[in-house]
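Peer 1: Below are the sequence and a predicted model for it; my questions follow.
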Amino acid sequence: MIYLSNILYALAATTVTWLFTAIGAAAVFIYKKADAQSSRLLLGFAAGVMISASFWSLLSPAVERARLSGMTAPWLIATAGFLSGAGFMYAMDCLSGYLRRKRHSSEKQGNRASLMVLSITLHNIPEGLAVGVAFGALGASFDAEALTGATVLALGIAVQNFPEGAAVSLPLRREGISRPKSFLIGQASGMVEPVAGVIGAAAVSAVSSLLPFALSFAAGAMIVVAVHELIPECESDGSRSPYLGTMGIVLGFSLMMLLDVALG
């Protein structure tokens, strides 16, 4: 049974994550370059939220739901979903890397811009799916633990989308693209998340047996984003405030764990 309310919540949450991308992209109207220290703290915080949410809001509920549904070897379903999510994210990153290399070799400015949007759009698909699956898992009853987990997961993705939007629009401006066009391209990188979120929520709402695998899949994608992209970025340029990114990770993880455990 498809729960329309879950899909609407997923749409609202992923629209917020897209808006945070747009807000970050709007930095092109104010700054010539992003504030590196603030970006490191925000990216570390988002990484901590994602790592914590991967277990408390995704993997642990996946194993529990598989067990309650009487599925054989719940741990095997969770492992398969986790590895599939990580593999999917790896494939998307490989495709994005190929498009970035092609963009750098392109001679036309329009081609560079369009390939940049496409590569980042592919990167954002798993993030939208993760939020959609989390809200689709709510079912008919909105218990506080599940709703809080889905909401904080969306918040973590929104926080990391903020510097991501700026990371797209500011370099485009430095390449000579106008401020309005740089902003439009930057915010467009997050437009796919509401679409992916609705698809994820509708899929798990319609086919409840997919839920344990889908939750684990989202967890695998989130871990790859956090470990491969956010943590190295927040720990870069550590000569100034070397523990800034690390403390962001600790704070993000602690906040997510506190909310999930306290409301569970």
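Peer 2: Structure received.

Peer 1: all contacts plus neighbour counts: C-alpha atoms, from now on.
Peer 2: OK.

Peer 1: which regions of the stretch 151-264 of the chain lie under the pLDDT threshold?
Peer 2: 167, 171, 174-175, 238-239, 260-264 (pLDDT under 70).

Peer 1: can you map out the helices along it?
Peer 2: 179-188, 192-206, 211-224, 231-234, 244-262 (DSSP state H, counting those that start in this stretch).

Peer 1: Turn those into CSV, including distance to residue 170 and mean neighbour count.
Peer 2: Below are the helices of the stretch 151-264 of the chain laid out as CSV (distance: least, CA to CA, whole Å; neighbours: other CA atoms under 10 Å):
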stretch, distance to residue 170, mean neighbour count
helix 179-188, 7, 22
helix 192-206, 21, 24
helix 211-224, 25, 29
helix 231-234, 17, 20
helix 244-262, 22, 19
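
Peer 1: Of these, which is nearest residue 54?
Peer 2: Taking CA to CA, helix 211-224 is the member of those nearest to residue 54, at 4.5 Å.

Peer 1: so which of the helices of the stretch 151-264 of the chain gets nearest residue 76?
Peer 2: Short answer: helix 211-224, nearest of the helices of the stretch 151-264 of the chain by CA to CA, at 9.7 Å.

Peer 1: now the angle from the closest one to helix 192-206?
Peer 2: Per axes from the mean of the first three to the mean of the last three CA atoms, to 10 degrees, the angle that helix 211-224 makes with helix 192-206 is 150 degrees.

Peer 1: List the contacts of helix 211-224.
Peer 2: Outside helix 211-224, the residues that touch it by CA atoms under 8 Å, 6 or more residues apart in numbering are 50-51, 53-55, 58-59, 61-63, 65-66, 77-90, 126-127, 129-130, 133-134, 137, 204.
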